[in-house]
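In: here's a sequence, model it:
(2 chains)
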Protein chains: 2
Amino acid sequence: MPRSKDATTDRSITSGSDFLQLNTADAPAGGLSDWLAQRLRLAVSDGRLAVGDRLPATRTLAAELRVSRGVVTEAYQRLIEDGHAVGRGRGGTVVVAAPVAAAVTAPAPARPAQGPPPEAVFTTAPAADVFDAVRAAPARIDLSPGTPDLASFPRTAWSRAERRVLGTHAAPGFGYGDPRGAPELRRAVAKWLARNRGLSAAPDEVLIVSGTAQTLGLLAQVLGRRGVREVAVEDPGSLGARQHLQYWGMRTPPVPVDADGVRVRELRASGAPAVLVTPAHQFPTGVVLGGARRRELMRWAADGGGLIIEDDYDAEHRYDRPPVPALRAMLPEHVCYAGSVSKLLAPALRTGWVVAPPELHGALVDAKRFTDLGNAVLPQLVLADLMESGELERRLRQLRKRHRARRDAMIRAIGTHLPGAAVQGAAAGLHLTITFDADFADTDLAAAALARGVKVQPLSWHRQGPGQPGLVLGYAASTATEIAEGAAVIGSVLE
Amino acid sequence: MPRSKDATTDRSITSGSDFLQLNTADAPAGGLSDWLAQRLRLAVSDGRLAVGDRLPATRTLAAELRVSRGVVTEAYQRLIEDGHAVGRGRGGTVVVAAPVAAAVTAPAPARPAQGPPPEAVFTTAPAADVFDAVRAAPARIDLSPGTPDLASFPRTAWSRAERRVLGTHAAPGFGYGDPRGAPELRRAVAKWLARNRGLSAAPDEVLIVSGTAQTLGLLAQVLGRRGVREVAVEDPGSLGARQHLQYWGMRTPPVPVDADGVRVRELRASGAPAVLVTPAHQFPTGVVLGGARRRELMRWAADGGGLIIEDDYDAEHRYDRPPVPALRAMLPEHVCYAGSVSKLLAPALRTGWVVAPPELHGALVDAKRFTDLGNAVLPQLVLADLMESGELERRLRQLRKRHRARRDAMIRAIGTHLPGAAVQGAAAGLHLTITFDADFADTDLAAAALARGVKVQPLSWHRQGPGQPGLVLGYAASTATEIAEGAAVIGSVLE
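Out: The predicted structure is shown next:
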C-alpha cells in the first residue's frame, strides 16, 4: 500500500449526503432523528427545500448518512406531524409548508435582462439589452426582422438525426472537443459553402462558432489585440452588429449605403482599416452590392490591406433574382466570411461559421478556445448529419416557397394599408423595409404599433445619420393573416 | 401597388441556382447546355464539386435556372461522356473524376490546432493549444484528469428528453433566447444548487454559460473593465484555468496550497483583489479547504472587499468524506460560484452556471450577451428535463459507485507498480495526484509514458513554483484493466 496523505482507506470516517449537505458528525450523540428533523425544518424555512419538493427515499438518505433507516423515517414523521411535510405513499414524502423565507425572496439580479417597460422600449435610446426588451415586450403579432419561419423547424428530422448521432458517437467524443468545431461539421459546412455560396474552403479553414454575433466578438478581440480600434459599418446598418462591435471596444464609423450598396469612396475617406458589409442583401435596405462597387471594394482591400468582414446573413433566401457569389470566393486574403444557421434553421441553435483570411485563422481559433473551448459537440454532429443528408437543402427550398408567399402577402398588405410607403429590399431575405416621404419619428410609430399589439423595428434604430422615417418588417415568421392584420394596425396608427 | 425600388414584381428577370451560383444571364445565346457543362467541369476542377458529390436532380436544377430539363440532361450527358461524372440511375449523376485542384489543396490554416508533434507535447513549454495537442496525441490508455465516465453518458435518457422537448417547444422558442439562459434551466439549476450544494439562489441570479472556461473569460472581461489586472490562483493549481485568465489579460500570482488548502496569509500579502479557488477538492492536490482556513478566506474577502471565484468543479464526487458546503452559501456578496455539467454528464455539452455577487450579475449578463447571445436553447431544455425528472441525481449515484471502484483500482495499481509514490486527494473527485520523493522532470516521465501509449499529465504543468515531481491521474473514464495496465507502464518507465 502506498503512503497515503488522506483518509482514502479509513472506513471509520463519518459520511454525509449531498442533499442539504448533511453531515452526521454535526449530530449530538444519540439525537440523530431530532437533529435530522431540525435540519430539514431549517431547509424548509430558508427555502432550500421548496413546497412540492420531494424528500429523498428513506433508504437512500439512510445509506448516504450511514444511519439506520429508522432514524430517517422518524425524522420524516416529525416533519409530517408538525405540518412541514405530508406522506404520499409511493409518492414519497413531500414538503407542504410555505417556507418562511423562501429562495424566491433572494435579491433580484442587479440588472434584470427585461430592461425598460414595454411602453418605453422604443421611446428610450436603445441600450445594451434593447433586443431582450423587445423580445420580452408582449405583442399579438411579431413582425421583427431576423428569424425564418420557426413553426416549420424540422423537429422530426432533428430528433431522428440526434438519435443516429447518439447511437454511433464513441465515448471519447463526449469529452472536450476541438475548439475549431467537430471535423464532421467543418467538412459539411465546407461542402455547403462550395455548393451553395461558390466558396471553396478546406474543412481546416472553417471555424465553427456560436452564430455571427460571436464572430463579431472574436474578430473584435483579435483585431483589438493588433491595435485596430475601428470597424466601419454600413449606414443604415444593423444596430445589433454595431452594439456588438462597440461592446468589444471598436468605434463604428458609418459609411453611407446607396442603391449600389456601400459607398467605397466614403469608406476610403474614413480611413478605417476594416469594414463590416452585407453584400448579398444589405441590412436593412436590401440592396445588392453592384458589380462595379464590388470591384471597387475589393480594390480598397487589396491595395490598402483593408479587411472586409462579409456578413452573409440571409444570402440563401432569394425570390426574384440570381444568386450573388460571396466576396470571400474572390479575395480570400482580405475577406473574413461569416455565415450561420440562424436564418436557415433557427437562431436558438446558436451555430455559425467563419472562413477567415489564413493569417487571422490561428488567432481566431485561440479566441474561440479561450471564449468557450468550442461549441457543444452533439448539436454540431446533428447539424452535419442534416447537411450531408440533403435535409437542409430540402428545407431551404421549402422555406423559399413559403417565405416568398409571405413576402408577397406583405407587399400586398402594404399596398392596401400603407399606400404612401416605399418598399425596399423585397427581392430576397426575410424582411423588407418601408420608408415614408414624411417627417415624423418612426420610433413613435413603432411604439404606437406595439401598444396595439404589433411588434416592428423603427428604421432609425439602424441609422447613425439622418434619413427618412421607416420600418423594418420581418415577414418570414408570420402567417399571411398576421401580416395583413399587422399592416392594417400600422396603417390605422399612421392616420 | 406601392412604389417599388427593386425588381420585386418583375417576372422577366433571369434567375439562377444557389448550386455553384449558376446564373443563366452569363450564358451565350443558344449555348445553354455547353455553358452549363463547362461551368460544371470548372467546379470539378477547382474542387467546388468533389468526387462522390451528387449533382442536383435535372428537374430541380432546370426549374431553378428556368431552363428546359433537356438543357440540364444534355449538360450532364457531356460530363458523363468526358469522364467527369457517371449516371447511377435512381442514384442520380455523381462526380467521379479526380479534380485537378481540389479544395483539399487549399492552404492549411495558419496555425493547426494539433500543435506540436506527440513526442514534443510534454517536452516543449505548454502553449495556448497544449490541451488540444494532448487530446490529439494518439494513446492506448488515457489517464488525463478532468472527465467522468463518458461511456455511461445517458444516451437514451438524453434522446428521450430531447423528443419530449421538441414535442412541446413552442415555435417562438426557436428564435433568439434569453442571454441569461432558458428560464426552465435556471429554475432547475437553482433547485439543484439548493438541494445538492447547500446554496440558495433565485433562478434570476443564475446565469447559464458554456462551462467554467467561459465563466473565467466573462469574469476576466468584467473585472478588466473595472481596472482589475490580476487574479491570484492556487499553486499548485489548474494550468488551464491560468491560461484562460492570462488570455483575458489577467496576471495570475501564485498562492501556495498546503494540507488545509490555499494559504490566506500569502493571499493577503499578494495584494491581489480576487482569487480563484477550488475549496471542495483542490485541483490538483485534492485537499479540502479546512474550517479555520475557510473562515480566514471569508474574512479576507469581507474585510478587504476581495472577490472569491469558487470553482466547484467536481464537488459532487465524494467517496470517503462528508460533503463540503459551497463558500457562496455563506458569503453571497463576495463569492462568485461557478459550476458545470462537465464532470456530471460530459464536457462536450459545454454547459455550466454562474451565481455571481449581485453587483456583478448585470455586467456578466452583458458580457454573455455580447459573447454569444446566450447558450443554444434545445440542450438547455433537455438538461432541465433531466434535472427536474431526477435523472441527473440518479446518474450521480451510479457514477459515484463506478468512480469509487475505479479510484480503488488505481490506488491498488499504484501500490503494486509505483510503491514509491505518495497518493494525494483520492477521497473525492475524478483524479488523484501522485508525487515522488526524488529529483527528476515529471514532463520526461509523461513523455515516456505517452511514447508507450499511456496519457497522463505532469504535476509540474500545474505548478508555478518548484515542487516534487509527480503525475495527475484521471481514473473516472478508464476501466480497472486500463488503469492497472497504465500504472504498470508508468512503473516500467520509472525503472
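In: what residues does the stretch 201-350 of chain A put near chain B?
Out: Contact residues (CB under 8 Å from any CB of the partner chain) of the stretch 201-350 of chain A with chain B: A:201-202, A:204-205, A:210-211, A:213-214, A:217, A:243-244, A:247-248, A:259, A:286-287, A:316, A:318-325, A:346-350. Backbone N, C-alpha and C define where each C-beta goes, glycine included.
In: and if we set it to 7 Å?
Out: Contacts of the stretch 201-350 of chain A with chain B, taken as CB under 7 Å from any CB of the partner chain, map to A:201-202, A:204-205, A:210-211, A:213-214, A:217, A:244, A:247-248, A:316, A:320-323, A:325, A:346-350.
In: count the neighbours of residue A:224 for me.
Out: If you count neighbours by other CB atoms under 10 Å in any protein chain shown, residue A:224 ends up with 13.
In: next, the contact list for it, please.
Out: Counting by CB atoms under 7 Å, 6 or more residues apart in numbering or on different chains, residue A:224 touches A:248, A:249.
In: mind checking the SS state of it?
Out: helix (DSSP: H, G, I helix; E, B strand; the rest coil).
In: any idea how far it lies from residue A:216?
Out: Look at residue A:224 and residue A:216: by CB to CB, to the nearest Å, they are 12 Å apart.
In: pretty sure residue A:211 contacts residue A:343?
Out: No: the pair residue A:211 / residue A:343 is not scored as a contact, 10.5 Å apart, by CB atoms under 7 Å.
In: wait, what's in contact with residue A:297?
Out: A:262, A:264, A:308.
In: rerun that using 6 Å as the cut-off
Out: Contact partners of residue A:297, counting by CB atoms under 6 Å, 6 or more residues apart in numbering or on different chains, are residue A:264.
In: buried residues in whatever helix or strand it lives in?
Out: For residue A:297, the element it lies in under DSSP states H and E is helix A:291-304. Neighbour-count burial for helix A:291-304, counted by 16 or more other CB atoms under 10 Å in any protein chain shown, picks out A:293, A:294, A:296, A:297, A:298, A:300, A:301.
In: mind checking pLDDT for the residue nearest to the first one when sequence neighbours are not counted?
Out: This means residue A:293. Of all residues not flanking residue A:293 in the chain, residue A:260 sits nearest, at 4.6 Å (CB to CB, 6 or more residues apart in numbering or on different chains). Here the pLDDT value assigned to residue A:260 is 96.
In: number of nearby residues for the residue of the stretch 301-450 of chain A found nearest chain B?
Out: Proximity of the stretch 301-450 of chain A to chain B (CB to the nearest CB) peaks at residue A:362, 2.9 Å away. As a burial measure, residue A:362 scores 18 neighbours (other CB under 10 Å).
In: give me the phi and psi for it.
Out: phi -60, psi -40 (degrees, to the nearest 10).
In: so what's it scoring on pLDDT?
Out: Reported pLDDT for residue A:362: 97.
In: low-scoring pLDDT stretches of the stretch 1-150 of chain A, where are they?
Out: Counting by pLDDT under 70, the ranges of the stretch 1-150 of chain A that qualify are A:1-15, A:97-116, A:118.
In: what segments of it are helices?
Out: For the stretch 1-150 of chain A, applying DSSP state H, counting those that start in this stretch gives helices covering A:32-45, A:58-65, A:69-81, A:130-136.
In: pull out the buried positions in the last one.
Out: In this case it means helix A:130-136. The neighbour-count check on helix A:130-136 (16+ other CB under 10 Å) flags A:130, A:131, A:132, A:133, A:134, A:135, A:136 as buried.
In: any idea how far the fifth one is from residue B:364?
Out: Noted for residue A:134: a distance of 22 Å to residue B:364, by CB to CB.
In: and the last one, by the same measure?
Out: Between residue A:136 and residue B:364 the distance, using CB to CB, works out to 19 Å.
In: ok, and the closest non-adjacent residue to residue A:154?
Out: Take residue A:154 and drop its neighbours on the chain: the residue closest to it by CB to CB, 6+ apart is residue A:395, 5.9 Å away.
In: run a quick neighbour tally on that neighbour.
Out: Residue A:395: 19 surrounding residues under other CB under 10 Å.
In: which of the helices or strands spans it?
Out: Assigned by DSSP H and E, residue A:395 falls in helix A:391-417.
In: elements contacting that helix?
Out: Secondary-structure packing of helix A:391-417 (3 or more CB pairs under 6 Å, 6 or more residues apart in numbering or on different chains; DSSP states H and E): helix A:480-494.
In: in the helix it packs on, what's buried?
Out: Within helix A:480-494, the residues that count as buried by 16+ other CB under 10 Å are A:482, A:483, A:484, A:485, A:486, A:487, A:489, A:490, A:491, A:493, A:494.
In: any idea of the mean pLDDT for it?
Out: Mean pLDDT, helix A:480-494: 97.
In: now do the SS call for residue A:385.
Out: Strictly by three-state DSSP, residue A:385 counts as helix.
In: what's the pLDDT at the residue lying closest to residue A:228 once chain neighbours are set aside?
Out: The spatial neighbour of residue A:228 that comes closest, neighbours along the chain excluded (CB to CB, 6+ apart), is residue A:273 at 5.5 Å. Residue A:273 carries a pLDDT score of 98 in this model.
In: quick check: residue A:354 touching residue A:335?
Out: No: the criterion here is CB atoms under 6 Å, and residue A:354 misses it with residue A:335 at 11.0 Å.
In: show the average pLDDT along the next helix or strand after the helix holding residue A:395.
Out: Downstream of helix A:391-417, the first helix or strand assigned by DSSP H and E is strand A:421-424. Strand A:421-424 shows a mean pLDDT of 96.
In: report how many residues lie close to residue A:94.
Out: By other CB under 10 Å, 15 other residues sit near residue A:94.
In: so what's it up against?
Out: Residue A:94 is in contact with A:54, A:86, A:88, counting by CB under 6 Å, 6+ apart.
In: one more pass at 10 Å, please.
Out: A:51, A:52, A:53, A:54, A:55, A:80, A:85, A:86, A:87, A:88 (CB atoms under 10 Å, 6 or more residues apart in numbering or on different chains).
In: what's the ChimeraX line that selects buried ones from the residues you listed?
Out: In ChimeraX syntax, the buried subset of the contacts of residue A:94 is picked out as below (16+ other CB under 10 Å):
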select /A:53,55,85
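In: just the ones of the contacts of residue A:94 in strands?
Out: A:85, A:86, A:87 (DSSP state E).
In: can you tell me how far the closest residue to the second one other than its chain neighbours is from residue A:80?
Out: The spatially closest residue to residue A:86, leaving aside those adjacent along the chain, is residue A:96, at 5.2 Å (CB to CB, 6+ apart). For residue A:96, the distance to residue A:80 (CB to CB) stands at 9 Å.
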